[in-house]
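quick one: sequence and predicted model below, then my questions.
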Amino acid sequence: MNKAEQFIQERLKARADSGSLRKLSKLHLPVDFCSNDYLGFSRSAVLKDRIENILLQIPNLSIGSGGSRLLSGNHVFTEETESLIAGFHQAASGLIFNSGYDANVGLISSLAQRGDTIISDELIHASLIDGARLSHASRYTFKHNDIAALEAKLKLATGNIYVLVESVYSMDGDLAPLTAINACCNRYGANLIVDEAHALGIFGKHGKGRIQELGLEVFARVVTFGKALGCHGAIVLGSPALREYLINFARSFIYTTAAPLHTIVCIHAAYQLLTETDHTPIITERIKQYTLTMELAGITHKSSESSIQTILYNSAAEAKFAAESLQQKGLDVRPILSPTVPKGSERLRICLHTYNTNEEIQILTSQLALLKQHE
Ligand SMILES: Cc1ncc(COP(=O)(O)O)c(C=O)c1O
């Protein structure tokens, strides 16, 4: 075995020994408490019809985009979609990226320069962390959702300052105190960047997100389309100058083939659906129903106001056992293990959807109650 192969085997063995070896799963169970398809858009017949109708109206539709946005991959429909989304979110402009990962990496790595400072909540998503790592700026983290800790780091900052937070945290489902964070950033002239991946479709009227719900103005927002929108891709919302800057400097935008027009049509149609129908009361009702049922069953859990709910365990083995027991009952619940979350805080991540029935929620909570009895 050569040295590289040996290295690979050793790393994999260490993962397997700690019970945290990641595996691709083909599991598809009838009751979905796992996907990020919070509003059921990815399975919506209404949305499918709309997409087909729009596609029929586009002359000479090609399968692939044929190149990057800066070469043959741009299309008038893509720019119209960017304007539609920016309008929906009351932003001056927006630039679509191929994924939320690309958007965060491109935005952060291109903006922050040597001598600048990036300050991020300790629980931000890997894509924001990777963007910060690729920049040459000084980097600090602050204790999760702690304004005093953020302020302490702001006092150390130099150059242009970028503060990175999520409006809804992806692994805990809890909310950032955005109003206080924004005020703190303003006091120090820092630029706030908010990832709204898990807020779109859930918070604010018509699911416009938490920034609009709270009536805030921030330097930039990242909104992803792979969660409540049921599609794929993301947009960075900000000033027209920021859009132009990203077109010129964001490497994950420049050096990649543009998404096919079919994907852009899906995003466009999904935004039309969000505009026409307010799904937030339905998802809010499901979240309330889950919280109430869990409380009635006396199950200790980390309650949240978002679609993401968690039940913490002390080890990967416990979380895996709980998930497998639920899966045997047809409930698609997955464990989230270290290193995605810190060791000792392995968990079940339960996602609630508009299409989860009260009966499904009842079955889930009674199974969880049974598991707790046997702990
Ligand atoms: C908070 C957050 N930001 C960004 C991303 C990345 O988005 P995408 O899946 O579109 O790459 C995710 C998805 O896992 C996320 O949870």
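Everything's here; your move. It should be emphasised that the depicted structure is a prediction, and the values quoted were computed from it without experimental measurement.

pull the number of nearby residues for residue 221.
For residue 221, the tally of surrounding residues (other C-beta atoms under 10 Å) stands at 25. Heads up, the C-betas are built off the backbone N, CA and C, glycines and all.

oh sorry, the question was meant for residue 33
By other C-beta under 10 Å, 22 other residues sit near residue 33.

you'd agree it is up against residue 352?
Yes: with contacts counted by C-beta atoms under 8 Å, residue 33 reaches residue 352, the gap being 7.3 Å.

low-confidence bits of the stretch 51-200 of the chain, can you list those?
Along the stretch 51-200 of the chain, no part satisfies pLDDT under 70.

contacting residues for the residue of the chain found nearest the ligand?
In the chain, no residue comes nearer to the ligand than residue 100, which is 2.2 Å away by C-beta to the nearest ligand atom. By C-beta atoms under 8 Å, 6 or more residues apart in numbering, the contact set of residue 100 is 127, 195, 197, 222, 224-226, 233-234.

residue 347 now?
Counting by C-beta under 8 Å, 6+ apart, residue 347 makes contact with 171, 310-313, 319, 335-336, 341.

recalculate using a threshold of 6 Å.
310, 312, 319, 336 (C-beta atoms under 6 Å, 6 or more residues apart in numbering).

quick one, grab the pLDDT at the second one.
The confidence metric pLDDT takes the value 92 at residue 312.

picking up where we left off before, near the ligand, list only the ones from the contacts of residue 100.
By C-beta under 6 Å from any ligand atom, the members of these lying near the ligand are 127, 195, 197, 224, 226, 234.

let me have those in TSV, extended by secondary structure and neighbour count.
Formatted as TSV, those follow (DSSP: H, G, I helix; E, B strand; the rest coil; neighbours: other C-beta atoms under 10 Å):
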residue	secondary structure	neighbour count
127	helix	24
195	strand	29
197	coil	26
224	strand	26
226	coil	17
234	strand	31
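
which of those residues lies closest to residue 160?
Among these, residue 195 lies closest to residue 160 (C-beta to C-beta), at 18.9 Å.

can you tell me how far the closest one is from residue 85?
Residue 195 sits 16 Å away from residue 85, going by C-beta to C-beta, to the nearest Å.

please save the CA atoms from stretch 304-317 in PDB.
C-alpha atoms of stretch 304-317 as PDB (Å, rounded to 0.1, in the frame of the first residue of the first chain):
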ATOM      1  CA  SER A 304     -37.400  25.700  18.600                       C
ATOM      2  CA  GLU A 305     -39.700  28.000  16.700                       C
ATOM      3  CA  SER A 306     -38.300  26.700  13.400                       C
ATOM      4  CA  SER A 307     -38.900  23.500  11.400                       C
ATOM      5  CA  ILE A 308     -35.800  22.000  12.800                       C
ATOM      6  CA  GLN A 309     -36.200  20.300  16.200                       C
ATOM      7  CA  THR A 310     -33.600  18.300  18.000                       C
ATOM      8  CA  ILE A 311     -33.300  15.600  20.700                       C
ATOM      9  CA  LEU A 312     -29.800  15.500  22.200                       C
ATOM     10  CA  TYR A 313     -28.000  12.300  23.200                       C
ATOM     11  CA  ASN A 314     -24.700  11.700  25.000                       C
ATOM     12  CA  SER A 315     -23.100   9.600  22.300                       C
ATOM     13  CA  ALA A 316     -23.200   8.600  18.600                       C
ATOM     14  CA  ALA A 317     -24.300   5.100  19.600                       C
END
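
what residues of that stretch count as buried?
Residues 304, 306-313, 316 are the ones in stretch 304-317 that count as buried (16 or more other C-beta atoms under 10 Å).

what's the answer for stretch 90-104, then?
Buried, per 16+ other C-beta under 10 Å, within stretch 90-104: 91, 93-104.

ok, now stretch 316-332?
316, 318-323, 325-327, 331-332.

just stretch 267-276 next, same as before
Those would be 267-271, 273-274, for stretch 267-276 by 16+ other C-beta under 10 Å.

sitting in helices, which of those residues do you find?
Judged by DSSP state H, the subset of these located in helices is 267-271, 273-274.

per-residue pLDDT, the closest residue in space to residue 63 that isn't next to it in sequence?
Of all residues not flanking residue 63 in the chain, residue 260 sits nearest, at 6.5 Å (C-beta to C-beta, 6 or more residues apart in numbering). Looking at residue 260, its pLDDT is 97.

repeat for residue 375
Per-residue confidence (pLDDT) for residue 375: 69.

in space, what's closest to the residue of the chain closest to the ligand - neighbours in sequence excluded?
Leaving out its chain neighbours, the residue that sits closest to residue 100 by C-beta to C-beta, 6+ apart is residue 224, at 3.5 Å.

that neighbour: what's it in contact with?
Applying C-beta under 6 Å, 6+ apart, we find residue 224 in contact with 100, 197, 234.

in the sheet, who's paired with it?
residue 234 (DSSP bridges).

report the separation between it and residue 231.
With C-beta to C-beta as the criterion, residue 224 and residue 231 are 9 Å apart.

and residue 44, by the same measure?
From residue 44 to residue 231 the distance is 11 Å (C-beta to C-beta).

those two: which is more packed in?
Neighbour count, other C-beta under 10 Å: between residue 44 and residue 231, residue 231 has more, with 25 against 19.

the more buried one: what's it in contact with?
By C-beta under 6 Å, 6+ apart, the contact list for residue 231 reads 225, 266-267, 270.

got the phi and psi for it?
phi -120, psi -130 (degrees, to the nearest 10).

do the same with residue 130
The phi/psi pair for residue 130 (degrees, to the nearest 10) reads phi -70, psi -40.

you'd agree it is up against residue 103?
No: using C-beta atoms under 6 Å as the test, residue 130 is too far from residue 103 to be in contact (11.7 Å).

could you tell me how many residues sit around residue 72?
For residue 72, the neighbour count with other C-beta under 10 Å is 14.
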